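S.K.: what follows is a protein structure lacking sequence information:
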């Protein structure tokens, strides 16, 4: 899929959803294809929020389906804007205009707290053990997603690891083993 084609697809799902339930039966959408499964775990961003940061996560959960189920469950009290499967499938759970619950207690290198207010959370299906690989298909779609989001949110400047921003330091370790050099050429400040 070309960047332009992915951009066209993404323009459809950057809008606010009505209700997008868990599909039954489940099927991963496939490389660079997206489904929206609306998480109940979100709220409003502050009115003055400028979205300038992407937080990268590892799911620790082994499948896209199981991760989506966790974000769909109100008891989990966790969500992310996007999850990318190992095959490059994408699930969106929260509108980028809303505040997903992915960063938890957090502080960035500028001293700003509560990154959920001004960030977009992207989960990568990975066990986060430092051994589970991040396949080329997953990284390729991540790159397309980041560049597409940059077109929608021109202030996007930072890509940070959950490990780096989690408070207290050491509370999180994801995305452990992620090949950060694959994002070097995108024009973002990488903090991990």
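M.R.: Right, received. Where do you want to start? This one's a predicted model, so the numbers in the text were calculated from it and none came from an experiment.
S.K.: helices of the chain, start to end?
M.R.: Secondary structure of the chain (DSSP state H): helices at 3-13, 64-72, 136-152, 162-165.
S.K.: among those helices, which comes closest to residue 86?
M.R.: Nearest to residue 86 among the helices of the chain is helix 136-152; the distance by C-beta to C-beta comes to 5.4 Å. Backbone N, C-alpha and C define where each C-beta goes, glycine included.
S.K.: check which helices and strands the closest one sits against.
M.R.: Here helix 136-152 touches helix 3-13, strand 82-84, strand 119-124, going by 3 or more C-beta pairs under 8 Å, 6 or more residues apart in numbering; DSSP states H and E.
S.K.: rank the ones you listed by mean pLDDT and give me the bottom one.
M.R.: When those are compared by mean pLDDT, helix 3-13 comes last with a mean of 47.
S.K.: beta partners of the residue nearest the centre of the chain?
M.R.: Centroid-nearest residue in the chain: residue 122, 1.0 Å away (criterion: C-alpha atoms, centre = their mean). Residue 122 has these beta-bridge partners by DSSP bridges: residue 56, residue 82.
S.K.: tell me who's in contact with it.
M.R.: With contacts defined as C-beta atoms under 8 Å, 6 or more residues apart in numbering, residue 122 is in contact with 54-57, 80-84, 142, 145-146.
S.K.: hmm, try it at 7 Å
M.R.: Residue 122 is in contact with 54, 56-57, 80-82, 84, 142, 145, counting by C-beta atoms under 7 Å, 6 or more residues apart in numbering.
S.K.: and stretch 164-172, what's buried?
M.R.: Using 16 or more other C-beta atoms under 10 Å as the test for burial, stretch 164-172 gives 164-166, 172.
S.K.: residue 129 versus the nearest residue to residue 114 once chain neighbours are set aside, what's the distance?
M.R.: Of all residues beyond its chain neighbours, the one nearest residue 114 is residue 106 (6.3 Å), with distances taken as C-beta to C-beta, 6 or more residues apart in numbering. Distance, residue 106 to residue 129, by C-beta to C-beta, to the nearest Å: 23 Å.
S.K.: still on that earlier bit, just checking, the residue nearest to residue 114 touches residue 115?
M.R.: Yes - contact criterion C-beta atoms under 7 Å: residue 106 and residue 115 qualify, at 4.3 Å.
S.K.: overlap in contacts, the two.
M.R.: Joint contacts of residue 106 and residue 115 (C-beta under 7 Å, 6+ apart) are residue 165.
S.K.: tell me the most buried of the helices of the chain?
M.R.: Mean neighbours per residue, mean count of other C-beta atoms under 10 Å, is largest over the helices of the chain for helix 162-165, with a mean of 22.
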